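A.B. asks: Here is the input, now give the coordinates:
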Amino acid sequence: MAAGSRRAVRGAACASIGLAGALIAGFLFPGQDRQAVPRVALDPAGIGLIARVDDPIAAPEGAPTRILLGPEGRDIRLSGELTEGAAERLARLLDAHRRVERIHLTSEGGLVDEGAAIGALIAERGLVTYVPDYCVSACTLAFVRGRERLVRADARLGFHAPYETDPAGLEIAVDSAPERAAYLAAGIRADFVDAALRVRPDDLMIPDTGTLVQAGVASGIADADRFPDSTLDDGADPERARAVVLHDVPLLDAVEAGAPGTIAPIAAWYLDGYQRGRPEGQAVEGVRRMAAQAVGRSLADADPETLVELGRTILQAIRRSSPGRAGICAAAREGAGAVLTRPRLDRTQLAAGRAILTRALGLRAAEEAPAPDAALGGDPARRDTLEAAAGSAPIRGRGCSGLRKAFAAALSRPTGEAAQALHPLLFPAAPTRPRPALEASALPP
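C.D. replies: Alright, predicted model coming up:
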């Protein structure tokens, strides 16, 4: 093998907001601590490139690239490091399945020659390339050969100069002319290419998706509901599905602690949808709806003090002036479960929610949890129940101002009365059950 054939562009990608990037990074699984490695934000050409790198992607070195046929035979999912033989395996799969139209790329990079060879296959077959999470280094050589090149709004493409590794393991810069020619032939703006190939091998330039489109790297931004979900491409099994659910709704771990078996049916629904080709946007929304119901059930019978604490937490959130307040109000109209399962809770919000759930579950007998074996497994009634939960959306007529006033009015009352007034606000989808008022002696002064 010629020495140049093993030139590598190492994959030091960031962990993206999307679920697949988080899985590859490995930080979704309980008991695994990953330390963020800060990297330099680069804008070598001064053309507005934004490098946003949070955590490194770590995949087992030398593991074979994962290449799978997606649902309905129209998509191929390629993930992991681009190792030797990946292009040959992709060619065999394409020869066997002529209906393939798209290739999903989730890769931390690897061998340059494999990335270029995969790109040649993509161009020859006229495939659409799609990055749902991240595509770094050598992976970008494949991505830019797509007939149409699409990325999710929060996807990450990473660029830097190529290198070789000598026998002692040292990185040696190499001539980047082949990579430059490939990028320019794909119609990428010359100043972008120059900037990308000036980045040292131990750094990474990650432009925002708007810049990718402007520079001609991507042809468009794809909505989450456009293509089948790629999240479990690196391993479609119940444990991975469970990890995805916990990543998407971290507070479910507190519910699971008090009601074991809560997560299993949600994860099974998610895994089933992945295997049937459900789009990621629909899958995420369905998981959140079921999680919101589970959280709501866990809180519905909480003691008055816990309900008041929950009401105060929600009122503070909808009072806070922030870009996400409209989303918080929309969640609050659906109830407490939707508020605590909304995306991108910060650490303070997660800690507050976990404390409230732990207290609520610790002060009452846990409900009988659904048996994991009955989650789907041939039970049509259970499947219908889960599908209904995933698609239902309680409708509330209050605007944000009305919600603030309603919560504030309820919280102005003594604890027992406040809990009664809060109950229909916190759990609007469930029938309101009469709650006994506390004796006057039990009320705070």
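
A.B. asks: what is the mean pLDDT for stretch 164-180?
C.D. replies: Per-residue pLDDT over stretch 164-180 has a mean of 80.

A.B. asks: got it, and stretch 80-93?
C.D. replies: 95.

A.B. asks: helices and strands of this protein: which one bottoms out on pLDDT?
C.D. replies: Ranking every helix and strand in the chain by mean pLDDT, DSSP states H and E puts helix 19-25 at the bottom, with a mean of 33.

A.B. asks: going on from it, what's the next piece of helix or strand?
C.D. replies: Past helix 19-25, heading to the C-terminal end, the next element that is a helix or strand (DSSP states H and E) is strand 66-69.

A.B. asks: list the helices and strands that next one packs on?
C.D. replies: For strand 66-69, the packing partners by 3 or more CB pairs under 8 Å, 6 or more residues apart in numbering; DSSP states H and E come out as strand 75-79, helix 86-96. For every residue, glycine as well, the C-beta is placed using N, CA and C.

A.B. asks: what helices or strands is the shortest one leaning on?
C.D. replies: Using 3+ CB pairs under 8 Å, 6+ apart as the contact criterion, the secondary-structure elements in contact with strand 75-79 are strand 66-69, helix 86-96, strand 102-106.

A.B. asks: which outside residues touch it?
C.D. replies: Around strand 75-79, the neighbours that count as contacts under CB atoms under 8 Å, 6 or more residues apart in numbering are 20, 24, 65-70, 86, 90, 93-94, 97, 100-107, 118, 127, 142, 227-228, 230, 233-234.

A.B. asks: gap between it and the chain center?
C.D. replies: What separates the centre of strand 75-79 from the centre of its chain is 17 Å, taken as CA atoms, centre = their mean, to the nearest Å.

A.B. asks: Render the CA-only coordinates of that strand in PDB, please.
C.D. replies: Coordinates of the C-alpha atoms in strand 75-79 are reproduced here as PDB (Å, rounded to 0.1, in the frame of the first residue of the first chain):
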ATOM      1  CA  ASP A  75     -31.500   5.700   2.600                       C
ATOM      2  CA  ILE A  76     -28.100   4.500   3.700                       C
ATOM      3  CA  ARG A  77     -26.800   5.400   7.100                       C
ATOM      4  CA  LEU A  78     -23.000   5.700   7.400                       C
ATOM      5  CA  SER A  79     -21.500   6.400  10.800                       C
END
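
A.B. asks: so where's the stretch 301-445 of the chain shaky on pLDDT?
C.D. replies: Along the stretch 301-445 of the chain, the model assigns pLDDT under 70 to residues 323, 363-398, 429-445.

A.B. asks: make it 80
C.D. replies: Under the criterion of pLDDT under 80, the regions of the stretch 301-445 of the chain flagged as low confidence span 320-325, 344, 362-398, 429-445.

A.B. asks: Then the stretch 151-300 of the chain?
C.D. replies: Counting by pLDDT under 80, the ranges of the stretch 151-300 of the chain that qualify are 164-173, 202, 233-235.

A.B. asks: Next secondary structure after the biggest helix by length in the chain?
C.D. replies: Of all the segments assigned as helix in the chain under DSSP state H, the longest by residue count is helix 280-300. Scanning forward in sequence from helix 280-300 by DSSP H and E, the next helix or strand is helix 304-319.

A.B. asks: List the buried residues of that following helix.
C.D. replies: Applying a neighbour-count criterion of 16 or more other CB atoms under 10 Å, one finds 304-315, 317-318 buried in helix 304-319.

A.B. asks: Likewise for stretch 81-90?
C.D. replies: With burial defined by 16+ other CB under 10 Å, the residues of stretch 81-90 counted as buried are Glu81, Leu82, Glu84, Ala86, Ala87, Arg89, Leu90.

A.B. asks: That stretch: end-to-end distance?
C.D. replies: Distance between the two ends of stretch 81-90: 14 Å, counting by CA to CA, to the nearest Å.

A.B. asks: Equivalent analysis for stretch 271-288, please.
C.D. replies: This stretch, stretch 271-288, spans 14 Å end to end (CA to CA).

A.B. asks: in that stretch, what counts as buried?
C.D. replies: Along stretch 271-288, the positions that meet the burial threshold by neighbour count (16+ other CB under 10 Å) are 271-274, 278-280, 283-288.

A.B. asks: And the strands in the protein?
C.D. replies: Under the criterion DSSP state E, the chain carries strands at the ranges 8-9, 66-69, 75-79, 102-106, 110-111, 128-131, 134-136, 149-152, 156-158, 163-165, 171-173, 220-222.

A.B. asks: My guess is Phe159 contacts Arg198. True?
C.D. replies: No - Phe159 lies out of contact with Arg198 (CB atoms under 8 Å); the separation is 9.8 Å.

A.B. asks: Which one's more surrounded, these two?
C.D. replies: Using other CB atoms under 10 Å as the criterion, Phe159 and Arg198 rank with Phe159 on top: 26 against 16.

A.B. asks: what's the closest non-adjacent residue to the more buried one?
C.D. replies: By the measure of CB to CB, 6 or more residues apart in numbering, the closest residue to Phe159 outside its immediate chain neighbours is Ala196, 3.6 Å from it.

A.B. asks: for the helices and strands packed on strand 66-69, which one sits closest to Ala418?
C.D. replies: Across those, the minimum distance to Ala418, taken as CB to CB, is reached by strand 75-79, at 50.5 Å.

A.B. asks: now that closest one against strand 102-106, angle please.
C.D. replies: Compare the direction of strand 75-79 with that of strand 102-106 by axes from the mean of the first three to the mean of the last three CA atoms, to 10 degrees and you get 20 degrees.

A.B. asks: Let's have the strands of the chain in TSV, adding distance to Val244 and mean neighbour count.
C.D. replies: Formatted as TSV, the entries for these read as follows, by distance: least, CB to CB, whole Å; neighbours: other CB atoms under 10 Å:
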stretch	distance to Val244	mean neighbour count
strand 8-9	28	25
strand 66-69	16	18
strand 75-79	14	25
strand 102-106	14	27
strand 110-111	24	24
strand 128-131	18	26
strand 134-136	16	29
strand 149-152	16	24
strand 156-158	18	28
strand 163-165	34	17
strand 171-173	34	12
strand 220-222	20	16
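
A.B. asks: No further queries at this time; thank you.
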